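**Q** here is the input, now give the coordinates:
(one chain, ligands or ions: 1)
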Amino acid sequence: MNRDAPAGEAPRISFVSLGCPKALVDSERILTHLRAEGYELSRHHDGADVVIVNTCGFLDSAKAESLEAIGTAMKENGKVIVTGCMGAEPDQIRDIFPNVLAITGPQQYESVLGAVHQAVPPAHDPFVDLVPPQGIKLTPRHYAYLKISEGCNNRCSFCIIPKLRGDLVSRPAGDVLREAERLVKAGVKELLVISQDTSAYGVDIKYAASPWRDREVKAKFLDLSAALGELGVWVRLHYVYPYPHVDAVVELMAEGKVLPYIDIPFQHASPSVLKAMRRPAHQEKTAERIRRWREICPDLAIRSTFIVGFPGETDEDFEFLLDWLDEVKLDRVGCFKFEPVDGAPANELAGIVPDEVKEQRWHRFMQRQQAISAKQLARRVGRRVQVLVDETSGLRAKGRAAWDAPEIDGSIHLTSRRPIRAGEFVTARIESADAYDLHGTVV
Ligand code: SF4
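**A** Presented below is the predicted three-dimensional model:
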């Protein structure tokens, strides 16, 4: 149905953003364009001129959540545009919701905008065309995701992201740095660098240099990290793989240029499972590499995710994984039970692990890791650290030190004698630790 917004009123969009931080960045870009064209955001589907649902299609459970969100939007509004990973397979959506207005795939900003224009043309009011230079952000003002590339050259057997999003396409370093500068000028204190494989940054464009400020910066993981480190804010690196060239970036961490934090989705430790998973860097001697990183940067925090119950995972593989956890002592860890993803090559593998075994392994994994994490956290007690405040309530606040990323890791619960604000850096003394969080006082 085409309809113009009433004269003088800006058309209103209700937006649902599902999925990973990368999808969140896509949502921010779509919203930035729409706001620039004068569209308003609506807090509710009811009363909005159109609803956009940015879906996630990574796991079957994420698909179910996406379909539910589309269903709610259809019921409460009826004018729905679907985009994101699930949009790559439109039939799955059309079969259930034949009346959605349009379905577009991931990164198809132009198509989403076209569908919105068709459903409800933009209002022509030069005053609503203004948009803050940093764009519209869905994260709190003091941190922002910075996407440095799209797609992925790896072919992990449990993953369909390369099928959905294609091979690696890196952004020129100058573009990334200018976006980062705009964010910092707008008040962002922490940049969260994301991509599917951050350590592969620039491979596709042969590490081409591009202009930034008065010099050229190469599209290389190390060079980009160093340049981001010049911006005077926290820089946190996500989705890195344990390649040898990462050592030099850990040196930047030791020098305080980027945060001593590295997010590496190891997924497993047993060589045969890693091989079946077709993980990047699976032949590296990872425990040795981690030991070396900690020599370079003793304060380094490592976060990771794992999959248990992958097809073919034997009791020995699983015990190997638990022993490896004891050996490498990661700081923050997430664990998933293997779930087949439609279209992923892993579905063809023999050796399906029964659900009850997966469940047992998951509990044993979590128990083992919880004890390790608690010990790692206890080591922080007694230290004075810089904390970025995320939320406040009276003289209490919640924040994070360098070792914790927002949304996925733990927090530091603070008490303070003076009022403090979200987005402020404070110094705190860590007084105690529990299994996940730290507690301290602002000094
Ligand atoms: S590295 Fe593997 S899991 Fe990650 S996006 Fe690429 S193919 Fe998927």
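**Q** residues touching the nearest residue to Tyr201 once chain neighbours are set aside, list them.
**A** Spatial nearest neighbour of Tyr201, excluding adjacent residues (CB to CB, 6 or more residues apart in numbering): Phe221 at 4.8 Å. In this view, the C-beta of every residue, glycine as well, is placed from N, C-alpha and C. Contacts for Phe221 (CB atoms under 8 Å, 6 or more residues apart in numbering) come out as Thr198, Ser199, Ala200, Tyr201, Gly202, Val240, His245, Val246, Val249.
**Q** now, these that are in strands?
**A** Among the contacts of Phe221, no member falls in strands (DSSP state E).
**Q** pLDDT score for Glu110?
**A** Looking at Glu110, its pLDDT stands at 71.
**Q** next: Met1.
**A** 34.
**Q** then Ala208?
**A** 97.
**Q** tell me which residue of the stretch 251-400 of the chain lies closest to the ligand.
**A** Pro280 (5.8 Å; CB to the nearest ligand atom).
**Q** how far away is that residue from Pro11?
**A** 44 Å (CB to CB, to the nearest Å).
**Q** neighbour count winner among these two?
**A** Taking other CB atoms under 10 Å, Pro280 and Pro11 do not tie; Pro11 has more neighbours (25 against 20).
**Q** please parse the protein into its domains.
**A** Segmentation of the chain into domains, based on automatic domain parsing, reads 12-129, 143-378, 384-442.
**Q** so which residues on the chain come close to the ligand?
**A** Taking CB under 6 Å from any ligand atom as the contact definition, the chain meets the ligand at Cys152, Asn154, Arg155, Cys156, Cys159, Ile161, Pro162, Gln196, Asp197, Pro280.
**Q** widest-spaced pair of those?
**A** For those, the maximum inter-member distance is 12.8 Å, found between Ile161 and Pro280 (CB to CB).
**Q** please name the strands paired to the host helix or strand of Gln386 in the sheet, noting orientation.
**A** Here Gln386, judged by DSSP states H and E, is contained in strand 384-393. The strands beside strand 384-393 in its sheet (DSSP bridges) come out as strand 396-400 (antiparallel), strand 425-433 (antiparallel).
**Q** one step back: quick check on the contacts of Phe221: which are buried?
**A** In the contacts of Phe221, burial by neighbour count holds for Thr198, Ser199, Ala200, Tyr201, Gly202, Val240, Val246, Val249, counting by 16 or more other CB atoms under 10 Å.
**Q** so what's the first one up against?
**A** If I follow you right, that is Thr198. Ile148, Ser149, Phe221, Leu237, His238, Tyr239, Val240.
**Q** related to what we said a few turns ago, list only buried entries from the residues of the chain next to the ligand.
**A** Buried, going by 16+ other CB under 10 Å: Cys152, Asn154, Cys156, Cys159, Ile161, Pro162, Gln196, Asp197, Pro280, out of the residues of the chain next to the ligand.
**Q** need phi/psi at His45.
**A** The phi and psi values for His45, taken as degrees, to the nearest 10, are phi -70, psi -40.
**Q** pretty sure it contacts Asn77?
**A** Yes. Contact status for His45 versus Asn77: in contact at 4.2 Å, counting by CB atoms under 8 Å.
**Q** of those two, who's got more company?
**A** Between His45 and Asn77, counted using other CB under 10 Å, His45 has the larger neighbour count: 21 against 18.
**Q** check what pLDDT Lys137 gets.
**A** So Lys137 comes in at 64 (pLDDT).
**Q** check the gap between Pro21 and Ala144 for me.
**A** With CB to CB as the criterion, Pro21 and Ala144 are 10 Å apart.
**Q** where do the contact lists of the two overlap?
**A** Leu192.
**Q** those two: who's more crowded?
**A** Taking other CB under 10 Å, Pro21 and Ala144 do not tie; Ala144 has more neighbours (26 against 17).
**Q** the more buried one belongs to a helix?
**A** No. Counting by DSSP: H, G, I helix; E, B strand; the rest coil, Ala144 is not found in a helix; it is strand.
**Q** partner residues bridging the nearest residue to Val188 once chain neighbours are set aside?
**A** Residue nearest to Val188 in three dimensions, not counting chain neighbours: Ala144, with 4.6 Å by CB to CB, 6+ apart. When bridges are called by DSSP bridges, Ala144 pairs up with Leu191.
**Q** and the pLDDT at Ala144?
**A** Ala144 is given a pLDDT of 88.
**Q** make sure it is actually in contact with Ile194.
**A** No. Judged on CB under 8 Å, Ala144 makes no contact with Ile194 at a distance of 10.4 Å.
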